[in-house]
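>>> The sequence isn't on hand, but the structure is:
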Ligand code: PA5
C-alpha cells in the first residue's frame, strides 16, 4: 500500500461507535466539499487539481526549471506562508538533508534558498553572503502580489540582479508566480516582462504546493514533478469515497474531531526523519490556518523525534493531557547505516551489526506505546517510500482531510481572516498611507 493509516492504538480513547456516529456528518461534509455548497467553496479547486491542471503551464514550469538549472547555481525563492512552505517541505523531503549545504562539486541541481518569509535584515545579509558571486535566479511568489515580507526581499534581490546582470539580464532571471489578473506583482511582472506563472483563483496559499507555487522550485531542485502529480492523482481517486470504512483521510478527519470533542486540543505531527521536519511546517499552516478560527480548532504542533524526546518529551509523557499525536513515517529508509562492530565496551554490543533504521523504528514503536500509556492518543500515517509519488499522495491525504475536518468542526476551512490583524497593525505603526488614524491609536498604546 502507498499509504496506510493505523488507528489500532486509539481504542482506549475513541470507541468505534463514536466514529459510526460521525458518518452522517462526514457524508454531509463530503457533499458540501464536492458539490461546492459549503463555506469557502470558491477556494476548493485543489480537490481536482491533481487531474485538472494546466498542462501547458506545467510544461513551461519544466522548461523554466531546466533554464534555471543551466544558468544558475542558486535559486532564491521569495514567498511567505503558502507561497513557500510547500516547496520547502518537498525539497527537504526529496533530497539529501544537507544537500542545500553541499559544495558546487557535490551538487546535482541548483541550491534553492528561501527569502521573504521573515523581516530580518540579518537573515537577508547572511543569505546574500551565502550566494556570494555565484550565478542566481529569483522566483518571486505571491498570490495577492501585495504581501510585505516578499515584496521587501524582492526589491533587494531585483536590485542585486540588475547590478550583476544589467536591467535586461535581470529580467530574464526573474520568474513571477502570482494571480492571473491582479496585484502589484502581476502589474510589475507584465511591465517588466518576467516569465509568469499562475496561482489559480480557486486555490488558496496553503493548498498551492501542487501549482507553480511549489512545482517550479521543486523541479529546479531536481524533484520529479510528474511523479508528484501522479501521486496526488492516485490519492484523489483513493480518497473520493464518503464512506468512512473506505476512506483513510476521512477517518483521520473523523478521529481528530472525536478527539477534539474530548478535550484533545493540540495535535503533534511526529516524524523521525530530519528530512520530514519541513513537511511538519507545511502541515502546521494547512491545519492552523484552515481550522483555527471562530474561537476553536485543534492547535497544530510538531515533534521532531527522537530529538524532541530529549526536550519536551517529558511534557508529552506526563504533562497536561490535551495532546494527541499523528506519526508520519516511511517504511523503506532512503539510506541506512549499519552500527559498527567494535571491541570497545560502550554498552552497544547488543546493537552491533543492526541497521539504524531498525533502531529508529523501535524508537518510534516504543515511544508510541509509552505515549499511549501516558494518555496521549496516537495515530500512524505510514507511506511506503520517501519519493515524489508518495509525497504527492501524502500531501493530498492531509489536504482532503482538513477540508472534511474543518466542515465537521463548523468552520470555513478556506479563509484566513485572522492573518490580517497583524498586517493592519504593522501598516499602522509603519505609517502606511491610509492608516493614519490607526497609526495614532497604536502609537499611543505603545
Ligand atoms: O495561506 C495563505 O493564504 C497565507 O499564508 C498566504 O499564503 C501568505 O500570506 C502569502 O500570501 P501571498 O501569496 O498573497 O503573498
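On my side now, so go ahead. As the structure is a prediction and not an experimental result, all values here were calculated from the model.

>>> Which residue does the stretch 101-250 of the chain have closest to the ligand?
residue 205 (2.4 Å; CB to the nearest ligand atom). For glycine as for every other residue, the C-beta is placed from the backbone atoms N, C-alpha and C.

>>> what residues are up against that residue?
Taking CB atoms under 8 Å, 6 or more residues apart in numbering as the contact definition, residue 205 lies against 81-83, 143, 199, 213.

>>> And it, how far from residue 142?
Plainly put, residue 205 is 9 Å away from residue 142 if you go by CB to CB, to the nearest Å.

>>> Identify the contacts common to these two.
With CB under 8 Å, 6+ apart as the test, residue 205 and residue 142 both reach residue 83.

>>> For this protein, which segments count as strands?
3-6, 74-78, 111-115, 136-142, 174-178, 195-198, 266-271, 299-304, 323-330, 378-383 (DSSP state E).

>>> now the ones you listed as JSON lines including mean pLDDT?
JSON lines is the format used below for these (pLDDT from 0 to 100):
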{"stretch": "strand 3-6", "mean pLDDT": "98"}
{"stretch": "strand 74-78", "mean pLDDT": "98"}
{"stretch": "strand 111-115", "mean pLDDT": "97"}
{"stretch": "strand 136-142", "mean pLDDT": "98"}
{"stretch": "strand 174-178", "mean pLDDT": "98"}
{"stretch": "strand 195-198", "mean pLDDT": "98"}
{"stretch": "strand 266-271", "mean pLDDT": "98"}
{"stretch": "strand 299-304", "mean pLDDT": "98"}
{"stretch": "strand 323-330", "mean pLDDT": "98"}
{"stretch": "strand 378-383", "mean pLDDT": "98"}
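
>>> could I get the ones you listed as JSON lines with distance to the ligand and mean neighbour count?
Formatted as JSON lines, these follow (distance: least, CB to the nearest ligand atom, whole Å; neighbours: other CB atoms under 10 Å):
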{"stretch": "strand 3-6", "distance to the ligand": "24", "mean neighbour count": "16"}
{"stretch": "strand 74-78", "distance to the ligand": "10", "mean neighbour count": "27"}
{"stretch": "strand 111-115", "distance to the ligand": "13", "mean neighbour count": "22"}
{"stretch": "strand 136-142", "distance to the ligand": "3", "mean neighbour count": "28"}
{"stretch": "strand 174-178", "distance to the ligand": "8", "mean neighbour count": "27"}
{"stretch": "strand 195-198", "distance to the ligand": "12", "mean neighbour count": "20"}
{"stretch": "strand 266-271", "distance to the ligand": "18", "mean neighbour count": "22"}
{"stretch": "strand 299-304", "distance to the ligand": "14", "mean neighbour count": "19"}
{"stretch": "strand 323-330", "distance to the ligand": "21", "mean neighbour count": "23"}
{"stretch": "strand 378-383", "distance to the ligand": "22", "mean neighbour count": "21"}
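
>>> For the contacts of residue 205, name the two members farthest from one another.
Greatest spacing in the contacts of residue 205, by CB to CB: 81 and 199 (12.0 Å).

>>> These two: which is more packed in?
Applying other CB atoms under 10 Å to residue 81 and residue 199 shows that residue 199 carries more neighbours, namely 24 against 21.

>>> Can you tell me the closest non-neighbouring residue to the more buried one?
residue 143 (4.2 Å; CB to CB, 6 or more residues apart in numbering).

>>> Quick one, which of the contacts of residue 205 has the minimum pLDDT?
Lowest model confidence among those falls on residue 143, which carries 93.

>>> Quick check, that one in contact with residue 208.
Yes - if you go by CB atoms under 8 Å, residue 143 and residue 208 touch, sitting 7.1 Å apart.

>>> thinking again about what came up before, list the contacts of the residue nearest to residue 199.
82-83, 178-179, 183, 199, 204-205, 208, 213.

>>> Show me which residues of this structure are close to the ligand?
80-83, 142-144, 147, 150, 204-206, 289, 416, 419 (CB under 6 Å from any ligand atom).

>>> Mark which of the residues you listed are buried, thanks.
Among these, those classed as buried by 16 or more other CB atoms under 10 Å are 80-83, 142-144, 147, 150, 204-206, 289, 416.

>>> and which of those is nearest to residue 131?
Nearest to residue 131 among those is residue 150, at 17.1 Å by CB to CB.

>>> give the contact list for the residue in the stretch 301-446 of the chain that the ligand sits nearest to.
Scanning the stretch 301-446 of the chain for proximity to the ligand using CB to the nearest ligand atom identifies residue 416 as nearest, at 5.0 Å. Applying CB under 8 Å, 6+ apart, we find residue 416 in contact with 204, 289.
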